[in-house]
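Q: kindly generate the corresponding structure for this input.
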Amino acid sequence: MRLRKVPYATELLSEYPEYIVKEPKRHSGIWNSLFDNENPIELEIGSGKGKFIYEKAENNVNINYIGIEKFDSVIVRALEKMIYKSLPNLKLIRFDAQHIDEIFSNNEISNIYLNFSDPWPKKRQEKRRLTSPIFLRKYAKILKPFGAIHLKTDNYCLFEYSMMSLNESEEYIIEKIVLDLYQDLPIDNVQTEFEMRFIQQNKPIYYIKAKFKGETE
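A: Down below sits the predicted model:
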């Protein structure tokens, strides 16, 4: 899908540093100070237009949320939600998740959400998949012991790949696998924009929850 450019995106992002965190590497290990509390921090990688992360923050005021998105023309839509109604427990980062372990420190994140990530289907693209061994090792550096990765996808190939990748890792335990999320829907499920579209198309939504076992060196 071609990304539609938003002409004013870059300028608007620069005008709201209280919502869009600049120089996120400077906050590694001290993200709680940015929220001015010691509440758990949960992270969505590829937060898109922000529906999921915004509603999670709105519904769970005692949890801090951070949404990461690398495209200006996408994250600006999440920013617009914050401008309309700000949430003190939500921050946004315009950043490439390939370097996620440079902006968070050990044991800093309680949960990671991977919602409808790009499947990168070609073999040569494997290292770019957010559940590749490369990324799983990065998550292991920042997750708290027994923190979890939550994956939702409509792409069976990515679902299957993610199951295998997590199963082969010594750092995670797969706790739950669902072949059709809407046959076993959690009460606290929050839909993304993509999820709403796929449900209308009667596509199954695959889900995995995997827990991180503990600290890594």
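Q: can you give me the distance of E108 to Y54?
A: As judged by C-beta to C-beta, to the nearest Å, E108 and Y54 stand 21 Å apart. The way it works is simple: take the backbone N, C-alpha and C, and place the C-beta from them, glycine included.
Q: I misspoke; the intended subject was V21.
A: 16 Å.
Q: who's more crowded, these two?
A: Shown here are V21 and Y54; by other C-beta atoms under 10 Å, Y54 has more neighbours (23 against 19).
Q: that one: what's it in contact with?
A: With contact set as C-beta atoms under 8 Å, 6 or more residues apart in numbering, Y54 has these partners: G67, A78, K81, M82, L87, L90.
Q: okay, and it sits in which element?
A: Assigned by DSSP states H and E, Y54 belongs to helix 51-59.
Q: tell me the mean pLDDT for that helix?
A: Per-residue pLDDT values across helix 51-59 average out to 97.
Q: now the element after it, going C-ward?
A: As assigned by DSSP H and E, the chain's next helix or strand after helix 51-59 is strand 64-69.
Q: just checking: what are the partner strands of the host helix or strand of I112?
A: Per DSSP H and E: I112 is located in strand 109-115. Strand pairing for strand 109-115, using DSSP bridges, gives strand 41-45 (parallel), strand 143-153 (parallel).
Q: what angle sits between it and strand 64-69?
A: Going by axes from the mean of the first three to the mean of the last three C-alpha atoms, to 10 degrees, strand 109-115 is angled at 40 degrees with respect to strand 64-69.
Q: any idea how far the residue nearest the centre of the chain is from F52?
A: What sits nearest the mean C-alpha location of the chain, by C-alpha atoms, centre = their mean, is E44, with 1.8 Å. Relative to F52, E44 is positioned 6 Å away (C-beta to C-beta).
Q: now P119, what's its secondary structure?
A: Following DSSP: H, G, I helix; E, B strand; the rest coil, P119 is assigned to coil.
Q: correct me, but it touches L158?
A: Yes. At 4.0 Å, P119 and L158 qualify as touching, with contact defined as C-beta atoms under 8 Å.
Q: who has more neighbours out of these two?
A: Counted by other C-beta under 10 Å, P119 and L158 do not tie: L158 has more neighbours, with 23 against 20.
Q: so who does the more buried one touch?
A: By C-beta under 8 Å, 6+ apart, the neighbours of L158 are S117, P119, R129, T131.
Q: now for the residues you listed, which pair is the farthest apart?
A: The distance between the two most remote of those (C-beta to C-beta) is 9.9 Å, for P119 and T131.
Q: hey, where'd the helices end up in the protein?
A: 9-14, 31-35, 51-59, 72-84, 133-142, 156-168, 193-200 (DSSP state H).
Q: with distance to Y182 added, can I get those helices in JSON lines?
A: As requested, these are arranged in JSON lines below (distance: least, C-beta to C-beta, whole Å):
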{"stretch": "helix 9-14", "distance to Y182": "33"}
{"stretch": "helix 31-35", "distance to Y182": "33"}
{"stretch": "helix 51-59", "distance to Y182": "16"}
{"stretch": "helix 72-84", "distance to Y182": "25"}
{"stretch": "helix 133-142", "distance to Y182": "26"}
{"stretch": "helix 156-168", "distance to Y182": "15"}
{"stretch": "helix 193-200", "distance to Y182": "7"}
